[in-house]
Every structure is written in structure tokens, then in C-alpha cells.
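Novice: Make a model of this:
(chains A and B)
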Amino acid sequence: MAGMTTRKVVRCLPAFALALLWPGSPAADASSTTTGRAPDTGLRYWEWQGDGVLFRLTQRLPDQTRAFFLARGFDPDSADLIATRCVFQSMFKNTAEAGSVTIDLDDWRILVSGDKERALMTRETWTRQWQTRKPPQSARIAFEWSLLPTRQVYGPGDYNWGMTSYGLPPRQRFDLVFSWTRDGKVFTARLKDIECTPDLHPEPK
Amino acid sequence: MYTRPAPRTEMNRLLRLALLLLVLPAAVAGPASPPAGKQVLSEVAGTPPAPDFSLTDIDGRQHRLGDYRGRVVIVNFWATWCPPCREEMPSMQRAWERIRDEGIVMLGINLGEDEDAIFEFTAGYPVDFPLLMDRDSSVIRAWGVRGLPTTFVIDPRGRIRYRAVGGRAWDDAALLARVRALAGQ
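Specialist: Below you'll find the model as predicted:
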């Protein structure tokens, strides 16, 4: 679990072990996973709901992401670097009537068949890239804040939309083990067989 | 608190009004609905003092938070490229139209963008409460915000009372009642 502190490893180990050994939602009382395609775009989504949270991933075409970051002031190489790192539009919401939920993306894990587990590319991961590429300040700010926060506290009804980046090539399939904490208890769930969006360039008809 | 508007400011207002009239039908149709269901504000533990700031709005006016002491202040952090920020903005305008005469202040703090980007945005999302610019993100960091939009409600003594992460329907009657209730404290 590269990148995790010893404290975090110890804290999350039982939950991750359960998630890995018991596919589905071991910590969930009544959870549901929904997958499908957005009717207007045809892009796929994966949604998990249970235990007072809702988490949804929706594919972003690499060209969507390129265009977004070019418009924010990134050069084409940097925009392409972001766009080809498997970026999803994401939403995390505390749907419970009471009590706060905390997340820490450094605790989440990407599982690729036949490969070792890996961590998400968070705001902090990307900040290291920008130290050498040096995009304009306004572009860096827009990038940082357009990603899902690495750590957040959600009160009842609170939510964030933001991009999440998995550092995988287009079309790569993976599982995501994600976790959150409520009342000191760590909950873990797994979204299976997520697909990084193909890098399609539709030609005009 | 306010400096006399410069001629450019008056021109900006006229241009914005013209743009507003041009795009009003599209703006009314709207790109998305405000969040449905109960509109919840989280109480902020310990009611810490709101970090002061002095920022310029898109008309060139300076706003210092401390100058609004004695009034309830709604502080909304947002950006033009943030979908839930755009989604909640019309409801913020409707709320502003209901509370502006009650002495309640509403400040939108844009993250990292310039006057032109915000001006263009207001053509599609007409608002007339002050839109301030946090160009280097120093204010949003001082406030401990982690995601957009995030909105705080400050009481007349300058303490942070409520926080909302993500968009809300700010013209919701029950939500506004909680904001108004702070005015007498």
C-alpha cells in the first residue's frame, strides 16, 4: 500500500481485507449498485448507494477532459497528460438525515486484474507534476479544485462533484475499493468492472 | 466601504444588462434544476470567527468582510466551470431578491478567474449580488474550503454558524428562515 502511512494501513486493513475477500459491500446493510449509460451521451456510469452515502462515477471522454483543461489555460501536452489518465466525473454525497461522513482518497484502492493494487492520482499527486511543467496559476487552481477533494467532511445533504483520476490507460478495466468513516466506523464498498473511457475521436459524418 | 464606481463600471453594468436581456430566455430555461428535497445547513461546531478578507468585486469595489459586522452574511465560494455552482446560482439570486432589503449580505467569491470570465458567466446566469475575486486562492484556503461550491452563513458577531458543501436551493423557505433567525442574535 505505497503512499499510505502506517496508521492508515492499520486502520484500513480489516476493511480492505473484507472488501477483497467478500466482493460486494461487506459493510453495507442495504446497498445497491447501479450501472448503465447516460441517455444523452452514451457514457457509462457506476453508482453505489447504501449506509447513508451515494457514490457515482461517470465516464468522461478524453477529448472532454482535454477541452476542459485547454480552456483553463493548460498547454496541449499537459491537457493530454491529464486526459489520458482515466478521468471520471465523480459525485460523493452524504444522504443520511444526521451525522457527518469523512472520506480520504488516499485510503481508496484501484484493483486491476493481474496487477498490484494502486492509489488514485489525487490533487497532491498532480501538484508534483505541475512543479516541473509549470502551468499558469489560474490553470493550476482550476485543476486542483475541479478534482474531488482528497479529504472532505460531509454533513447531512452535503456533496461534492469532481473529477477522479486513476492513472490507467483508456479502455482499462478495474475495480475500485472505496471507503468512508461515520461515527468512527470505517465502511468499505467495491465498484466492479469499471471501464476507463476509450479515447475516441469521432469523425464528422 | 465602497469607492465611487469608475466609468468602466457603469459601462460594465450597461453591457451586462444588455447581455442579460439577450440571454434571459435561455437563463430562465436553465441547465439544471436546484437540488430537490430538504435543504440542510450544517451547524459549524464551536462557531469560529470568520477569517477576514478584503477582495475586489468585478466592478472594482473593495469588500472587507469586517465592514459587514452587525449583519448576517452569506459567503459562497464558486467558479464558472463548476457545475453545481452554476446549478445553485439562480436560487441564490432569488434568495438575494428576498433578503436584500432585510440587511442580509450575500457575497459570491469566485475562485481563480478574472473579470472577463465572470462577466461572461453573468450573461447566462444573471446575478446582482457582489461577485468578488479570489484570484490566488488565498481566501478560500484560509477558510478551509475543500470543494466547490461551499457556502457559509456568518452571524452578526462575525462567527461562522452554518456550512453547506455542494449546491442548495437557497430560496427554500425553511433554509432562509434559518438564515433570517440569525439576524436577531
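Novice: what's the burial count for whichever residue of chain B sits closest to chain A?
Specialist: Closest to chain A within chain B is residue B:42: 3.1 Å, counting by Cβ to the nearest Cβ. Where C-beta positions appear, they are placed from N, C-alpha and C, glycine not excepted. Other residues within reach of residue B:42, judged by other Cβ atoms under 10 Å in any protein chain shown, total 18.
Novice: ok, now residue A:43?
Specialist: 15.
Novice: try residue B:53
Specialist: Residue B:53: 19 surrounding residues under other Cβ under 10 Å.
Novice: That one and residue B:165: what is the separation?
Specialist: 20 Å (Cβ to Cβ, to the nearest Å).
Novice: so is the residue nearest in space to the middle of chain B in a helix, a strand, or just coil?
Specialist: Per Cα atoms, centre = their mean, the C-alpha nearest to the average position across chain B is that of residue B:108, at 2.7 Å. Three-state assignment for residue B:108 (DSSP: H, G, I helix; E, B strand; the rest coil): strand.
Novice: Likewise for the one 10 residues further on?
Specialist: Secondary structure assignment for residue B:118 (three-state DSSP): helix.
Novice: Quick one: name the residues of chain A near chain B.
Specialist: For chain A, the residues in contact with chain B (Cβ under 8 Å from any Cβ of the partner chain) are A:68, A:71-72, A:93, A:100, A:137-138, A:141-142, A:145-146, A:148-162.
Novice: Doesn't residue A:126 belong to a helix?
Specialist: Yes. Counting by three-state DSSP, residue A:126 is part of a helix.
Novice: where does chain B come near chain A, residue by residue?
Specialist: Residues of chain B found near chain A (Cβ under 8 Å from any Cβ) are B:35, B:37-40, B:42, B:79, B:81-84, B:111-114, B:135-137, B:146-148, B:163-166, B:168.
Novice: Among the residues you listed, which ones are in helices?
Specialist: B:83-84 (DSSP state H).
Novice: Identify the residue nearest the residue of chain A found nearest chain B in space, chain neighbours excluded?
Specialist: Nearest residue of chain A to chain B, counting by Cβ to the nearest Cβ: residue A:155, 3.1 Å away. Nearest non-adjacent residue to residue A:155, counting by Cβ to Cβ, 6 or more residues apart in numbering or on different chains: residue B:42, 3.1 Å away.
Novice: likewise residue A:158?
Specialist: Nearest residue to residue A:158 in three dimensions, chain neighbours excluded: residue B:165, at 3.8 Å (Cβ to Cβ, 6+ apart).
Novice: number of nearby residues for residue B:43?
Specialist: Residue B:43 has 13 nearby residues by other Cβ under 10 Å.
Novice: OK, contacts around it?
Specialist: Listed by Cβ atoms under 8 Å, 6 or more residues apart in numbering or on different chains, the contact set of residue B:43 reads B:161-162.
Novice: Pull up the gap between residue B:164 and residue B:153, please.
Specialist: Distance from residue B:164 to residue B:153, by Cβ to Cβ: 8 Å.
Novice: about what we covered before: and the residue nearest to residue A:158, how many residues sit next to it?
Specialist: Here the count is done by other Cβ under 10 Å, and residue B:165 has 25 residues near it.
Novice: Beta-bridge partners for it, please?
Specialist: For residue B:165, the beta-bridge partners are residue B:150 (DSSP bridges).
Novice: Show the contacting residues for it.
Specialist: Going by Cβ under 8 Å, 6+ apart, residue B:165 touches A:152-155, A:158-160, B:42, B:146-147, B:150.
Novice: Equivalent analysis for residue A:152, please.
Specialist: With Cβ under 8 Å, 6+ apart, residue A:152 has these contacts: A:92, A:102-103, A:160, B:146-147, B:165.
Novice: got it, and residue A:113?
Specialist: Per Cβ under 8 Å, 6+ apart, neighbours of residue A:113: residue A:173.
Novice: try residue B:65
Specialist: Going by Cβ under 8 Å, 6+ apart, the list of residues near residue B:65 reads B:50-54, B:73, B:75, B:107, B:154, B:158.
Novice: and with 7 Å instead?
Specialist: If a contact means Cβ atoms under 7 Å, 6 or more residues apart in numbering or on different chains, then residue B:65 has B:50, B:52-53, B:73 as its contacts.
Novice: in the sheet, who's paired with the residue most central in space within chain A?
Specialist: Per Cα atoms, centre = their mean, the C-alpha nearest to the average position across chain A is that of residue A:164, at 3.7 Å. Counting by DSSP bridges, residue A:164 forms beta bridges with residue A:88.
Novice: That one and residue A:119 touch, don't they?
Specialist: No. Residue A:164 lies out of contact with residue A:119 (Cβ atoms under 7 Å); the separation is 11.5 Å.
Novice: pretty sure residue B:52 is touching residue B:66, no?
Specialist: Yes. With contact defined as Cβ under 7 Å, residue B:52 reaches residue B:66; the gap is 4.9 Å.
Novice: coming back round to it: now the residue nearest to the centre of chain A: how far from residue B:118?
Specialist: Residue A:164 is 27 Å from residue B:118, by Cβ to Cβ.
Novice: Check residue B:73 too.
Specialist: Following Cβ to Cβ, the distance that separates residue B:73 from residue B:118 is 20 Å.
Novice: I'd like to know the beta-bridge partner residues of the residue of chain B closest to chain A.
Specialist: Under the criterion DSSP bridges, residue B:42 forms beta bridges with residue B:163.
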